[in-house]
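# After the sequence you'll find the predicted model.
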Amino acid sequence: MAADTSRRDVPAAGVRRGRSRPGERLIETLLIVAAVVSVATTIGIVASLFIPTVEFFGQVSIVEFFTKTMWTPLFADKHYGVLPLLVATLWVTAIAIVIAVPLGIGAAIYLSEYAHTGTRKVLKPVLEILAGIPTVVYGFFALTFLNPILIDWWPTADKPEFQNLLVAGIAMGIMIVPTVASLSEDAMSAVPRSLREGAYALASTKMQVSTRVVVPAALSGIVAAIVLGFSRALGETLIVTIAAGLKTADVPTSPIQGAATMTSYIAGAGQGDLPVNSLEYLTIFAVGATLFVFTFALNVLSIRLVRKFREVYE
Amino acid sequence: MTTPDPKDAAMTHPAPPLITTAVRLSADDGVAHEPVLTLKDISVFYGDYEAVRGVDMAMAGNQITALIGPSGCGKSTVLRSLNRMNDLIPGARVAGTISYHGQSLYAREVDPIELRRRIGMVFQKPNPFPKSIYDNIAYGPRVTGMKVTNMNDLVEQALRDAALWDEVKDKLKQSALALSGGQQQRLCIARTIAVRPEVILMDEPCSALDPIATGKIEDLMINLAADYTIVIVTHNMQQAARVSHRTAFFTAEVDEAGIRHGRLVEYEDTNKLFTNPNHKQTEDYITGRFG
């Protein structure tokens, strides 16, 4: 006690800076470098994508690119209408989303609201392992397992082709279920227990608590999960290359046809035998930029939607 | 019992009764009140741990019953067993019999969902849904499938009964979370009233509120007792003395094995319990010598 009282006579003694801390400076510098490198890389990627794209649109009109219905830049008779690739991409993505959203959210509601703690502790890691399966495996799963079943069961005489958009979409949907489920479950688990109790005390059933209270309160996280799934579907390459093929010429009229998506066209065309800076070569960048703009626009749109509909609980 | 602060006179209003069911009982004092809830030898377990042991008491209709006692004495546990909220906690179990108008609450044929419509609950921390004020009130009637001829009227009536209407009538579509803590708690009471329960359980409803907001809730409780049976858990002895008709004093006791159990010490008319308690433990607690 006596020692403490005497120390109080010079109150500022312990507060003065005894020595500088060089470690702190170093850490700060390293963190800045890390931040700058990742931002600069992103800018570099966008620039390397858009500079050749501008060059491409100097030679092919942007109106033709988005309105013509034939895509044959690698053929003798060249047409530069991107619609066949765009439509194929939309088919596959739409099928994937139709499968992944209900399955993913259903799984998330089960894990978050219904499953016992023990069940959840087993299922959640299994789900996360599923998210780590290489996409090439899903591609062959679609081609050699799903597609024969699909062809067998197909009700009409007009059977799906050997490679087709439908089976690629189904496989891709299965691929993104774990992503959607796991992230949605995180968002639902974060909803305060007090909101659930309030709902139960108002005579809600478990399903009502889940769908009317938990899901709306977790909506921003759920939509973020769906958008991430969506972006993965749009950008996914191997499954579509393997399961939907590389046919590019015409707009697919039905998902049971095989057709190249934007990504599988890029993968197919970018295999190295195109002369650099030829118009054929530049198509890769034009298609890539289109994909980029699409993904970006979808992200912006979904952020807007979430802002409008989400329920903020804090 | 309590003289309302004149400042609060503006918020009290002639609240038209919302409930006119057959079970409605006389609220006149001096008349024997028929018990709505009867607890016989109630023990509540969490897994193997017996949190409360051997509680016997009965709550009368259209009265306010207060449960008081130090932390960990099991008063909230008892309250939450009355509308089976404990069902939601894995491992929670109730032994003994709780009867609601003679019907055993934990009998196999009792539907806990329907039970919670009749026995509503208001929580310690205001927990409005992150929805509009209107949707908070309409939530209960919607999920319970109540036949509502005019939802707007129902919302207005519930908000009037909870003495909140005048403060929120121009912003029904705004988020409930924009309200103050006291307003949020009255909204939670309004939300509970909206499904027309018979009993309202309140778990320390004022512990997160300032004294003015607390005063408003207490006035509201006294008004609501005309139409509802209210059971309130409170840490605040003055609050129990101000609002309740009867008070139950719980305490925690350590058994031979060194494990704490909650126990009901005394259940009496509030005036008697606070002026002339039967037990020394009660006297020590209410005079501030313990707890």
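Here it is on my side, so go on. Keep in mind the model is a prediction, meaning the values are calculated, not measured.

# Show me where the chain dips below the pLDDT cut-off.
No chain in the question, so chain A it is. Along chain A, segments meeting pLDDT under 70 span A:1-20, A:314.

# Can you look at chain B instead?
Within chain B, the stretches with pLDDT under 70 are B:1-33, B:290-291.

# again, 50 this time
Chain B contains residues with pLDDT under 50 at B:1-30.

# can you list the residues of it near chain A?
Near chain A, the residues belonging to chain B are B:83, B:85, B:88, B:90, B:113-114, B:116-117, B:120-121, B:123, B:125, B:127-131, B:139-140, B:143-144, B:175, B:177, B:188, B:191-192, B:195 when assessed by CB under 8 Å from any CB of the partner chain. All C-beta atoms are positioned from the backbone trio N, CA, C, and that covers glycine.

# Which ones among those residues map onto helices?
Counted as lying in helices by DSSP state H, out of the residues of chain B next to chain A, are B:113-114, B:116-117, B:139-140, B:143, B:188, B:191-192.

# OK, contacts around the nearest residue to B:Gly47 once chain neighbours are set aside?
For B:Gly47, ignoring the flanking residues on the chain, the nearest one in space by CB to CB, 6 or more residues apart in numbering or on different chains is B:Gly91 at 4.2 Å. Contacts for B:Gly91 (CB atoms under 8 Å, 6 or more residues apart in numbering or on different chains) come out as B:45-47.

# if you set the cut-off to 10 Å instead, what comes out?
B:45-49 (CB atoms under 10 Å, 6 or more residues apart in numbering or on different chains).

# Selecting buried members of these in PyMOL, what would you type?
The following PyMOL line selects those of the contacts of B:Gly91 that are buried, judged by 16 or more other CB atoms under 10 Å in any protein chain shown:
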select buried, chain B and resi 45
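
# Nearest to chain A among the contacts of B:Gly91?
Chain A has its nearest neighbour among these in B:Gly47, at 13.1 Å by CB to the nearest CB.

# Now do the same contact list for that closest one.
The contact partners of B:Gly47, by CB under 10 Å, 6+ apart, come to B:89-93.

# Just these: which are in strands?
Using DSSP state E, the members of these that fall within strands are B:92-93.

# what residues are up against A:Val300?
No contacts exist for A:Val300 under CB under 10 Å, 6+ apart.

# A:Ile27: neighbour count?
Using other CB atoms under 10 Å in any protein chain shown, A:Ile27 has 11 other residues around it.

# Which strand or helix spans it?
Assigned by DSSP states H and E, A:Ile27 belongs to helix A:22-59.

# now for that helix, which elements pack on it?
Judged by 3 or more CB pairs under 10 Å, 6 or more residues apart in numbering or on different chains; DSSP states H and E, helix A:22-59 is in contact with helix A:62-67, helix A:279-309.

# the strands in the stretch 1-150 of chain B, which residues?
Secondary structure of the stretch 1-150 of chain B (DSSP state E, counting those that start in this stretch): strands at B:35-46, B:49-60, B:64-68, B:92-100, B:103-104, B:119-122.

# Can you say which of those strands is packed in most?
The highest average neighbour count among these, using mean count of other CB atoms under 10 Å in any protein chain shown, belongs to strand B:64-68 at a mean of 28.

# Which strands border it, and is each parallel or antiparallel?
Strand B:64-68 has the following sheet partners, assigned by DSSP bridges: strand B:229-233 (parallel), strand B:246-254 (parallel).

# quick one on the thing from earlier: out of the ones in helices among the residues of chain B next to chain A, which are buried?
B:113, B:116-117, B:139-140, B:143, B:188, B:191-192.

# hmm, which two among the residues you listed are most spread apart?
For those, the maximum inter-member distance is 19.1 Å, found between B:Ile113 and B:Cys188 (CB to CB).

# Tell me the spacing between A:Phe66 and chain B.
According to CB to the nearest CB, to the nearest Å, A:Phe66 stands 42 Å off from chain B.

# which one of the strands paired with strand B:64-68 lies closest to A:Phe294?
Proximity to A:Phe294, assessed across the strands paired with strand B:64-68 by CB to CB, is greatest for strand B:229-233 (56.6 Å).

# how near is B:Asn127 to A:Phe75?
For B:Asn127, the distance to A:Phe75 equals 65 Å [CB to CB, to the nearest Å].

# These two: who's more crowded?
Higher neighbour count among B:Asn127 and A:Phe75: B:Asn127, with 23 against 12, using other CB under 10 Å.

# Hmm, B:Gln185 and that one touching each other?
Yes. B:Asn127 is within contact range of B:Gln185, at 9.3 Å (criterion: CB atoms under 10 Å).

# For the nearest residue to A:Asp158 once chain neighbours are set aside, which residues are in contact?
Nearest residue to A:Asp158, sequence neighbours excluded (CB to CB, 6+ apart): A:Ile256, at 7.2 Å. By CB under 10 Å, 6+ apart, A:Ile256 lies in contact with A:150-151, A:154, A:156, A:158-161, A:164-167.
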